[in-house]
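Asker: no letters, just coordinates:
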């Protein structure tokens, strides 16, 4: 424990009636500190247990990915034979690079398009007042309560007619992911609402168009939320299985990583592919983890200081 | 440089709330006009309509020769200073001031020249490299003004620019705005709720209440001849004292009767009342400013008697709140320099005090309509 947290042995109390300074053993203070420490300890214990539970599957996955001996589920944790065989297989003998590129393409395109749409919708709803604005927001709220899977069958037939399934699955999937971009406006609108309106007004009087205001004033101030939006937009298609599996159904070259890897453990030789599946899982986790680590500082970066009075 | 003309301008919000009613005003070229009034009177809304930040529901707005009702704010050639400064927090002071010029694609050396010149006028040259959050309130307001003046706009709009500053800084900035105005020599429209700012800055003052213009005039006019009770009360601090008195029309002219006091009105006032067709009234509202009251000795008969309730020493003057048996205490403002120490000692709470006032300082209002009876 740090020094400043240590409980003092005595406390000094001024006795006004007697006009003297007395040393008093701070029994009460001591028991309060002790209580605090007990609470903290139990919280840390709980958190430790939770993080072990949370990390266990990932540790298991990583360990399995380095296992060279074959076999599906085994009853030991540490591999008997370590090696990179599984990774080598991924990049030399399998469709994995193709799937990875598919997923990356979808993810990047969706991240860009969805961010642009979502931020524009948010800014519009935050700043402009027009007929039907409230109705729109309510409608989106209600629509958002329905799970996206409900549209699955309908979407499949629509995409099929457009030639955007199986071989054309990648543009089809992009379309699906991007279609509802505007509906996720809530968080960024909330952020834009905190940027004083007088900044917009001032810029407009200074000669900027609405678009210039958005680009030159609001965007730099909204950096954390822009990054948040990009991350979210990228992550959703990156880890999607449901839509990707049926839009690309049966066409291995159109799979994304989730679908492709699942096919390995589902239809092929489970025993032979399980460790490769694990290696694929690790590779998939790397970019997203790196991205999060690199960008997380923007979450907390406050940029609106000094905007207005204070 | 341009004049601004508002004709029958009206602002009705979506909910049907009328913020500004039939606003008519012509602001001359290079004039400094102040909109003043209590909060919610529509002064800021009017300014924002001139700026183009609010739509005009009815009427026409002309800047220079051009009707600008549907012109975007950026094309109106105006600059505005906001109450909360509205500085762009992510760029430096220099870039803040250069922003309007960069948007207009001005050449870099011209931008540099103008920004430096403005910074020099406002004394903020040394802060040009800083971000707004590292400036004090007064410095931020200077930057905001600087950003407005680099544009060399036709019309300057200022929306309560000093409200966020402390009293001392506010006085200092007020004086600076007067100097700036002389230097820039352009049209200014200034919104404030502070009547002192209005009186000291404005060539003309527009006093507003509930969306209506109450009076337009020079500071002297609105102070000396308020058109109605609201203006009389709003301009001047402490507020004008209002008494319920009796107006008596006699053969020798009009008399105002207040308690034991019988004040014969001077000829000018009698003429005005005569012209306005005023007859004897049992109830008239009599207004006298605190500084126009004089204390008198108790032996005098033609005066109002009361008891001092509160004694406020303001330094150069003494504010006395006197209970006279009328609903509101009367406030007297006596310059301390005229008082002997014995007199001052007597002017304490609990003592009796008689006071009087001269005919020429009196304002008379109709109790029903609250309009001035002395209005030409």
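Answerer: Structure's in. What do you need? The model shown is predicted, which means the values in this text are computed figures rather than measured ones. Numbers count the residues shown, from 1 in each chain, chains lettered A, B, ... in the order given.
Asker: quick one, longest helix in the chain?
Answerer: As the question left the chain open, I've gone with chain A. helix A:27-65 (DSSP state H).
Asker: that's the wrong chain, I wanted chain B
Answerer: Here the longest helix in chain B is taken by residue count, with DSSP H as the criterion, and it is helix B:167-184.
Asker: give the buried residues for that helix.
Answerer: Applying a neighbour-count criterion of 16 or more other C-beta atoms under 10 Å in any protein chain shown, one finds B:170, B:173, B:174, B:176, B:177, B:180, B:181, B:184 buried in helix B:167-184. No exception for glycine: its C-beta is placed from N, CA and C like everyone else's.
Asker: before we move on, what about stretch B:91-107?
Answerer: Judged by neighbour count (16+ other C-beta under 10 Å), stretch B:91-107 contains these buried residues: B:91-101, B:103, B:106.
Asker: ditto for stretch B:324-338
Answerer: The neighbour-count criterion (16+ other C-beta under 10 Å) identifies B:324, B:326, B:329, B:330, B:331, B:332, B:333, B:334 as the buried residues of stretch B:324-338.
Asker: of all those, which two lie farthest apart?
Answerer: Using C-beta to C-beta, the buried residues of stretch B:324-338 span at most 19.6 Å, a distance reached by B:326 and B:334.
Asker: secondary structure class for residue B:300?
Answerer: Assigned state for residue B:300: coil (three-state reduction, DSSP: H, G, I helix; E, B strand; the rest coil).
Asker: is it correct that it is in contact with residue B:354?
Answerer: Yes - proximity of residue B:300 to residue B:354 meets the contact threshold set by C-beta atoms under 8 Å, at 6.4 Å.
Asker: more neighbours, these two?
Answerer: residue B:354 (21 against 12; other C-beta atoms under 10 Å in any protein chain shown).
Asker: is that one bridged to anything, and to what?
Answerer: Under DSSP bridges, the beta-bridge partners of residue B:354 are residue B:296, residue B:305.
Asker: quick one: it from residue B:260, how far?
Answerer: Between residue B:354 and residue B:260 the distance, using C-beta to C-beta, to the nearest Å, works out to 10 Å.
Asker: could you do residue B:18 as well?
Answerer: 47 Å.
Asker: ok, residue B:349 next?
Answerer: Taking C-beta to C-beta as the criterion, residue B:349 is separated from residue B:260 by 23 Å.
Asker: same question, residue B:175
Answerer: For residue B:175 relative to residue B:260 (C-beta to C-beta), the value is 46 Å.
Asker: over to residue B:95?
Answerer: According to C-beta to C-beta, residue B:95 and residue B:260 sit 70 Å apart.
Asker: if we can go back for a sec, between residue B:18 and residue B:260, which one's more packed in?
Answerer: For residue B:18 versus residue B:260, the count of surrounding residues by other C-beta under 10 Å is larger for residue B:18: 15 against 11.
Asker: what sits closest to the spatially most central residue of chain A if chain neighbours are left out?
Answerer: With distances taken as C-alpha atoms, centre = their mean, residue A:232 lies nearest the centre of chain A, 5.4 Å away. The shortest distance from residue A:232 to any residue other than its chain neighbours is 7.4 Å, reached at residue A:184 (C-beta to C-beta, 6 or more residues apart in numbering or on different chains).
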